[in-house]
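K.L.:
Build me a model:
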Amino acid sequence: MKITIVGAGAIGGYLGARLALAGEDVTFVARGPNLDALRSQGIRLIEEDGTERVAHPIRAVQSMADAGPQDYVLLTLKGHQVEQVAADMRALYGPDTAVVTMQNGIPWWYFHKLGGEYDGRPVTKADPKGIIAANIENERIIGSVVYPASELIAPGVVKVIEGNRFSLGEPDNSKSERALRLSEAMTRAGFKSPVSTDLRGEIWLKLWGNLTFNPVSALTHATLAGICRFPLTRELAAGMMREAQSVAEKLGARMRVSIDKRIAGAQAVGEHKTSMLQDVERGRPLELDALLGTVVELARITGIETPRIDAVYACASLLAATLAEQQGRLEVQPGK
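P.N.:
The predicted model follows:
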């Protein structure tokens, strides 16, 4: 099975390393020091228990044209990065190539085969210029919800923080042969990769936490536990979740846990900095449109009022714009 990883970072490296070690024909698309490391020393994977494994030699390319047509393309870039590579990805396509979308938030294809009055609508916050949809045909798409946390700690070196579950799902909720075949390959590689018949429900369940804790942490510089302990931000998070739940249910999705249980789960993670807070501290672009902007858009489409989400999105968007304009970063330093 020929599999190309577009985005050889923390998640892409984790996936590609295990798949390569399981015997799949894996190609990484990478650049810079990461590309050099992959070519010279392969990819080193540090598992949760500290065990280290190396996949070497492996194939790593800078140009997708050098990879050629694939059976599966695992798209592991962040949402705001996909537009930049969408046209180049056409070099990876054969007649039956499937593209597995592994971005956080609401995907650009969300309404494809949804059914009902909203079927077929675009999600413009996920694909403002339509470039992604023009170059990744809906028929190629297999969706995925990414649960693990991992980190690219050095070029060619990935450390697994926790988790091994990557849910897969077709836009029409079917258990297709192509999705089952990929699920079997990922299972052989040591992942839990069930083919879901309600992937959108899983998307919303994960997004429920991301759309609240990520931007609130970026604005307050608080950890997950800190947000949940502080009464005002805990209530803000719960209010944002209630608004998001109303949007999700209007679109036919159902939340399978209570808001209190979801918040308790976040608090149990402890003094963890969210990925968006880490991006603020390091001066990197924020995943705001994928995690919040798309929800605001879906709320307007469905006629649901989301005042808390709107306010947090406005403040976090201004923060992102200010950091980008100043080419700066923002970090709270302990007092002396």
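
K.L.:
give me the number of residues near residue 179?
P.N.:
A count of neighbours around residue 179, defined by other C-beta atoms under 10 Å, yields 23. Quick note: C-beta positions are derived from backbone N, CA and C, even for glycine.

K.L.:
Over to the one 5 residues further on?
P.N.:
Burial of residue 184, expressed as a neighbour count using other C-beta under 10 Å, amounts to 13.

K.L.:
Just list whatever residues bridge to the residue nearest to residue 72 when sequence neighbours are not counted.
P.N.:
Of all residues beyond its chain neighbours, the one nearest residue 72 is residue 3 (4.8 Å), with distances taken as C-beta to C-beta, 6 or more residues apart in numbering. On the basis of DSSP bridges, residue 3 is bridged to residue 26, residue 72.

K.L.:
From residue 34, how far off is residue 3?
P.N.:
From residue 3 over to residue 34 the distance is 18 Å, taken as C-beta to C-beta, to the nearest Å.

K.L.:
Isn't the residue nearest to residue 72 up against residue 19?
P.N.:
Yes. Contact criterion C-beta atoms under 8 Å: residue 3 and residue 19 qualify, at 5.9 Å.

K.L.:
Overlap in contacts, the two.
P.N.:
26, 185 (C-beta atoms under 8 Å, 6 or more residues apart in numbering).

K.L.:
All the strands of the stretch 51-200 of the chain, residue numbers only.
P.N.:
Remark: strands assigned in the stretch 51-200 of the chain by DSSP state E, counting those that start in this stretch are 52-55, 59-61, 72-75, 98-101, 141-146, 149-154, 157-162, 166-169.

K.L.:
Residue 270: neighbour count?
P.N.:
Neighbours of residue 270 (other C-beta under 10 Å): 10.

K.L.:
Leaving out the residues flanking it, which one is nearest to it?
P.N.:
Nearest non-adjacent residue to residue 270 (C-beta to C-beta, 6+ apart): residue 225, at 5.2 Å.

K.L.:
which residues touch the spatially closest residue to residue 129 that is not a sequence neighbour?
P.N.:
Distance criterion C-beta to C-beta, 6+ apart; nearest residue to residue 129, sequence neighbours excluded, is residue 83 at 7.0 Å. Shown in contact with residue 83 (C-beta under 8 Å, 6+ apart): 127-129, 131-132.
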